[in-house]
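>>> sharing a model that was predicted from the sequence below.
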Amino acid sequence: MPIALEFRRAGIHLPDLGLWLDPREPKTGDELVFVSHAHSDHIAAHREVILTEPTARLMQARIRGSRIEHTLRFGHPVEFHQGKIPFRITLLPAGHILGSAMALVEAVGGSLLYTGDFKLRRGLAAEMCEPRGADILIMETTFGLPKYRFPRGDVTFEQVIRFCRETLEHDETPVLLAYSLGKTQEVLRALNAARLPVMLYEQAFKLTKIYEQLGQSFPAHEEFDAGNTRGKILIWPPGATTQNLRAKLGKARLAVLSGWAMDASCRFQNRADAAFPVSDHADYDELLEMVTLVQPKKIYTVHGFAREFAHTLRSLGHNAVAPGWHEQMALEL
């Protein structure tokens, strides 16, 4: 039985199932919303959501208010009948940030795996990714070009720590530009080997406390205090105004931690002194590996270099397409 699959800027919609996948706009009607993780571009004030317990806790810290929550454990399928056709959904670890999930959706004898943001390599502050086979794969392809092959994480963090030590030796403050949710906690874990005092941006400090309440452990750290930064590493979100930060700190050196550090322009775009390829997304080789692991009959690529990666997959013999927004297709499940 064909099932409609709609690709919209607001998210991916399966109207026959009454299900949205990561919509960016609030859904307040009767349909269900799967929220893959708690980054700001994946959450909104929805009425009824399917998500993991860590994502629910982190989402509550970012979007206040009440909602109907179906908090599912990894690997445990649950059935819903929200639309015309009943379906079963199983959440699987995505490896992106703590609690991030892929959705394995099964209906009328077929299966679909929606990855959301993911990475296959082992992280320091997130569950290990655990994909399963599916007929249809909808995958994010943020880094879908061959030039985005990340070096080993331990090697990169050795370079980050060296940057911090050298900066401190010159009586300057090392500032590591990293997102408050996910990246900060990964970096904080990696800095454990440095045995150096660390300060976190206010929001990052609060989110790290939630990580700790969920069973994660971190080296000693404190909340940002502008008058007490000397001799300490500061982890700061790249979106915050760095020019004002430099004025507050006086002598400081900034390093941006991002997968986009593979681009020579990354350091200059962030007005930083250095750039290191630290990412919570899959790199090019991991994207190819995901396809091998899932063995789908059909692949849809979304986000980033979606068209380029779909072309690569077709050249390798896969049935792959990068759908345009506002497209509707008949999905054979």
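Nice, I can see it.
>>> please count neighbours and contacts with C-alpha atoms only from this point.
Will do.
>>> how is this protein divided into domains?
2-147+281-332, 153-276 (automatic domain parsing).
>>> want to throw these into TSV with mean neighbour count and mean pLDDT?
Compiled in TSV, the domains of the chain are given as follows (neighbours: other CA atoms under 10 Å; pLDDT from 0 to 100):
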stretch	mean neighbour count	mean pLDDT
domain 2-147+281-332	19	94
domain 153-276	18	93
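>>> show me what the helix or strand hosting residue 159 is packed against.
For residue 159, the host element (DSSP states H and E) is helix 153-169. Here helix 153-169 touches strand 173-177, strand 274-276, going by 3 or more CA pairs under 8 Å, 6 or more residues apart in numbering; DSSP states H and E.
>>> so what touches stretch 68-81?
Stretch 68-81 has contacts (CA atoms under 8 Å, 6 or more residues apart in numbering) with 17, 47-53, 56, 86-93.
>>> next step: the residues you listed restricted to helices.
Per DSSP state H, helices hold the following members of the contacts of stretch 68-81: 53, 56.
>>> the stretch 201-333 of the chain: helices as residue ranges?
Under the criterion DSSP state H, counting those that start in this stretch, helices of the stretch 201-333 of the chain are mapped to 202-213, 242-249, 266-269, 284-294, 306-315.
>>> same thing with the stretch 51-200 of the chain?
53-62, 153-169, 183-190.
>>> out of the ones you listed, nearest to residue 298?
Checking the helices of the stretch 51-200 of the chain against residue 298 by CA to CA gives helix 53-62 as the closest, at 28.7 Å.
>>> now the closest one, how far from the centre of its chain.
14 Å (CA atoms, centre = their mean, to the nearest Å).
>>> again with stretch 292-299
21 Å.
>>> circling back: out of the contacts of stretch 68-81, which are inside strands?
When DSSP state E is applied, those are split such that 48, 49, 50, 51, 87, 88, 89, 90, 91, 92, 93 fall in strands.
>>> redo the residues you listed as JSON lines? Include distance to residue 124.
Shown next, in JSON lines, are the ones in strands among the contacts of stretch 68-81 (distance: CA to CA, whole Å):
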{"residue": "48", "distance to residue 124": "31"}
{"residue": "49", "distance to residue 124": "27"}
{"residue": "50", "distance to residue 124": "25"}
{"residue": "51", "distance to residue 124": "21"}
{"residue": "87", "distance to residue 124": "34"}
{"residue": "88", "distance to residue 124": "31"}
{"residue": "89", "distance to residue 124": "27"}
{"residue": "90", "distance to residue 124": "24"}
{"residue": "91", "distance to residue 124": "21"}
{"residue": "92", "distance to residue 124": "18"}
{"residue": "93", "distance to residue 124": "14"}
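>>> ok, those vs residue 202, which is closest?
Nearest to residue 202 among those is residue 51, at 25.7 Å by CA to CA.
>>> ok so, going back, dump the helices and strands packed on helix 153-169 into JSON lines; add distance to residue 208 as well.
Shown next, in JSON lines, are the helices and strands packed on helix 153-169 (distance: least, CA to CA, whole Å):
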{"stretch": "strand 173-177", "distance to residue 208": "16"}
{"stretch": "strand 274-276", "distance to residue 208": "22"}
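>>> what's the closest of those to residue 109?
Across the helices and strands packed on helix 153-169, residue 109 has its closest neighbour in strand 274-276 (45.1 Å, CA to CA).
>>> what lies in contact with the closest one?
Defining contact as CA under 8 Å, 6+ apart, one finds that strand 274-276 is touched by 156, 159-160, 254-259, 261-262, 266-267.
>>> quick one, what contacts residue 299?
136, 137, 138, 139, 318, 319, 320, 321.
>>> take those residues and keep only those in strands.
Residues of the contacts of residue 299 located in strands (DSSP E): 136, 137, 138, 139, 320, 321.
>>> could you check how far residue 66 is from residue 262?
41 Å (CA to CA, to the nearest Å).
>>> I meant to write residue 159 there.
15 Å.
>>> for residue 320, same thing?
For residue 320, the distance to residue 262 (CA to CA) stands at 26 Å.
>>> what helix or strand is residue 6 located in?
Applying DSSP H and E, one finds residue 6 within strand 2-8.
>>> okay, now the sheet partners of the helix or strand following that strand, with direction.
Sequence-wise, the next helix or strand downstream of strand 2-8 (DSSP H and E) is strand 11-14. Strand 11-14 has its sheet partners listed here by DSSP bridges as strand 2-8 (antiparallel), strand 19-21 (antiparallel).
>>> and residue 130, which of these is closest to it?
For the strands paired with strand 11-14, proximity to residue 130 was assessed by CA to CA; strand 19-21 is nearest, at 18.7 Å.
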